[in-house]
Structure formats: structure tokens, C-alpha cells
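Undergrad: Just a sequence and a predicted model for now, questions to come.
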Amino acid sequence: MNIKKLPFNLSAILIGFIPLFFLVTSCNPSSKKKVIIAQKDTIPITNAEKRYGIEGGIYEVIESKIPKNMTFSVLMSNHNLSPLTIQAIVEASDSIFDFSSMRAGNPYSLFVKKDSTKHIDYLFYQIDEIDYIRFDLRDSVQVSKHSLPVRTDTIVVRGKIESSLWMSLSKNGVNPNLAVQLADIFAWTIDFYDLQVDDQFQFLYEQKFIDSTEIGSGKILACRFNHKSEVKQAYLFTQDNENYYFDEKGESLRRAFLKAPIKFGRISSTFSNSRLHPVLKIRRPHHGVDYAAPTGTPIQTIGDGKVTFIGRKGGYGNRIEIKHNDTYSTGYAHLSRFTSGLRIGDRVKQGSVIGYVGSTGLATGPHLDFRVYQNGKAIDPLTMKSTPAIPISGENKAIFQKKITYFNKLLK
């Protein structure tokens, strides 16, 4: 894998890759991990005083975490705050912070004067990684909400398919959730159950930091996937105030139908006119595709449509049928359960979770039996063609071309 941070702000199948190499620059020649080439708007927050902008040297800082099953008033009493002060804090917080939302395990910090008074001047409660509440107790109690400074770096990742993408990303310090995002981006154009050894990929994504601490990956900005010697590209672009992914020609990657109804799993049986049934032990047509996946794996509808059947149906076990238009309909069978509240006649959106993988009906193990019907006749889901959604508009083409030229230089 080659991971590179650049000086600007800008989906259980095992889809994997073997690391290639790390780019090591002259600024840190011995590094075998991520290399930070440059950062922007870096603000050191290595200790509580710097983190919260408090004058250093005059306070003893007590840092701890909210204990389980303890109210704010009891916690503050344990730190020798008087009942009047605690009441004043609660009253001053009325329109800013609800103490019932305080979570066990979240950090808090007390700034205690080093002089003889041992007065607590400040209390800070960290709501999450970014936001915090400041309680100023020096005179009259003042309460305010603030955010820690967040820096966004852009990182390039390069790899090739061989083992587990999820595990390889994790081992190399890259958020493995990016595997899910990558699968989502190419959900309409690449069947992630048919990846080949040595398929190659590159992607450019945003990583957020507070000082040197990663606080979660942002969006993938651009990606390139070489699958079966065919290059698939995707670029994030904002059109009509919405973010979409487009290919290098400005065509939307979004299609009328997704490539697969579950994000992770494996194809255990394909479309066939004569398959030996694993339970009945006789040969008969299997006009669908089976996706083996753990019980409880979410199943998503491949396109917008209306539920025409939901319930028990013979050997299919729990099954859902969806009519997408006058031509296409789909069936999802052997489900362990359905999405709560889903009924016949309900409209569903592409990608909506409609149920969960199971082994109801005639099944030897947990899997999804997925079927597609064209004008009432079953067709092979793996060969179904799907038309793209709205492309880049004419007025945006020039801007889009400049953007992909820029991204392509970074992906090289």
C-alpha cells in the first residue's frame, strides 16, 4: 500500500489487497507508517491547557471520565463543589446543555487554582471528539459550547486485490470503513463478488485530525478500479446541491439498479437451468443467484419500487417481492426477518434495507436467494444491464473536467 498525505484540504465478502509499498519522503526517511508530507491549520492540543485555551502554569488539571450511574451533582460534590455552585451551574446551562445527556465514559477536566484557595475555575465536558461544554466558574457561572479545531488532510491509497481489503486497511492504519464506502461508490458498476486477483485500485480520501489524532475518515474524493482489465473511475462532484459520483465522461455512477442486494458476502450458486438442489437432491432450474452471508446480514433493494409480497412462501421461506417498473421486478428469499413495519404496497428506495439474511424454507445454511424478472420471466441478475442516472450538466462540464484533471494528477 502507498499512503501519502498531500498539502491541501479537500462494503462479509473479503475483497482484499496485498500492500505494495509505503512512500517514504526525505522529511522522515525511517518511517514505515503513514508519512505526513504537509499539514494545514495545525493547532497543537497536546495537553488540556492548550486544548481548551487556558493560561498554563497556574492550575492543577484533573482529567477523568464520567463514572457509570453517577449524576452530575454527586460527581461535582465529590470534587468539593458546594450545592449552591452546582445549582448555579445547572441553571446557567438551561438553554445550552442538558445534563441528562451526559454519558458515562466521556472525558471531563477540572482546572483547580494552585494557590491556597484551591478554587475550581473551569470545568470542561467533552460531548464527543470535537464538541465540548465550557463551564467558567470564576465569578458568576458562564456556560458555553465550543468545538476543537479540526484539520483535514487528503490521503492517497494504492493497492491490489489478493486477500482481505478490510483487514489490510486496518493493519496499515487506514480506516477499514473505507472499504464499505468504496463498495458503495461502485455498487452500480462493479460486482464485488466477482473481484479477481491482481485487480488494482487507487483512491483519494479525506482524513480528519485533531492535532495528530485521527477522528474519522471523510469522503472518498476520487477512485480508480482496474477490474478484469477494465478501468472504472469515480469522481465526487456537487451538482444541484447534492454530492454524486461520476465517471471520467461525466456519466453518473448511479444506475437504475444496484449490482448486488448485499454489500458483503460471496456468490455460492449462480443462475442455472439445471442445478442439483442441495436439500431435495434433484436437478431442477435455479433461476437466481445465491449470496452466502452470515445470518442477520442486511439486504437492500436494488432499485426503487413497491412491495408486492412480503411473508412466507413455500420453499423460499421468508420472501419479499418488489415491482420496480412495468418491466422489472425482484425477489429476495430465505430471510431471517423483514425490516420492521414493511408492508405490501410500501414504496422503497434503492439501497433501502428490506430484510436480513437467514435460512428459512429449503436452505442448508444462511444465504440470500436473489431473483430478477423481466416482463415476468426470470433472467440472470449477473448479466442484467442498467441505465445511468442524470449525467454532468452542460454548465458544469468545464468545472468537472478541471477537477478530474487535478484528481488524476494526485492518483498517479
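TA: Happy to help now that I have it.

Undergrad: tell me the residue furthest from the middle of the chain?
TA: S116 (50.8 Å; C-alpha atoms, centre = their mean).

Undergrad: Check what pLDDT that one gets.
TA: S116 carries a pLDDT score of 91 in this model.

Undergrad: what about T154, how many neighbours?
TA: 20 (other C-beta atoms under 10 Å). Every C-beta, even on glycine, is put in place using the N, C-alpha and C of the backbone.

Undergrad: Please name the bridge partners of it.
TA: T154 has these beta-bridge partners by DSSP bridges: L6, E206.

Undergrad: thinking again about what came up before, for the residue farthest from the centre of the chain, list the residues it contacts.
TA: For S116, the contact set (C-beta atoms under 8 Å, 6 or more residues apart in numbering) is empty.

Undergrad: could you measure it against R138, distance?
TA: In this view, S116 and R138 are 16 Å apart by C-beta to C-beta, to the nearest Å.

Undergrad: give me every residue that touches S268.
TA: Residues near S268 by C-beta under 8 Å, 6+ apart: D290, Y291, A292, H367.

Undergrad: which one is it nearest to, not counting chain neighbours?
TA: A292 (4.0 Å; C-beta to C-beta, 6 or more residues apart in numbering).

Undergrad: quick one: low-confidence parts of this structure?
TA: The chain contains residues with pLDDT under 70 at 1-46, 162-173, 193, 274-282, 284.

Undergrad: List the buried residues for the lengthiest strand in it?
TA: Identified as the longest strand of the chain according to DSSP state E is strand 213-227. Neighbour-count burial for strand 213-227 flags I215, S217, G218, I220, L221, A222, C223, R224, F225, N226, H227 (criterion: 16 or more other C-beta atoms under 10 Å).

Undergrad: name the element R319 belongs to?
TA: strand 318-323 (DSSP states H and E).

Undergrad: And for that strand, what's in contact with it?
TA: Contacts of strand 318-323 (C-beta under 8 Å, 6+ apart): 301, 303, 305-313, 329-338, 342, 348, 354-355, 358, 360-361.

Undergrad: again, but for stretch 333-345
TA: Residues from elsewhere that reach stretch 333-345 (C-beta under 8 Å, 6+ apart): 288, 295-296, 299, 306-310, 313, 316-320, 348, 352-361, 363, 366-371.

Undergrad: Quick check: PyMOL command selecting the buried ones in the residues you listed.
TA: Entered in PyMOL, the line below selects the buried ones among the contacts of stretch 333-345, by 16+ other C-beta under 10 Å:
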select buried, resi 288+299+307+310+313+316+317+318+319+320+348+352+354+355+356+357+358+359+360+361+363+366+367+368+369+370+371
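
Undergrad: about what we covered before: what kind of secondary structure is the residue farthest from the centre of the chain in?
TA: At S116 the chain is in coil, as set by DSSP: H, G, I helix; E, B strand; the rest coil.

Undergrad: Next, it: phi, psi?
TA: Note on S116: backbone dihedrals following degrees, to the nearest 10 are phi -70, psi -20.

Undergrad: Look up how far I390 lies from it.
TA: Distance check for S116 against I390: by C-beta to C-beta, it reads 71 Å.
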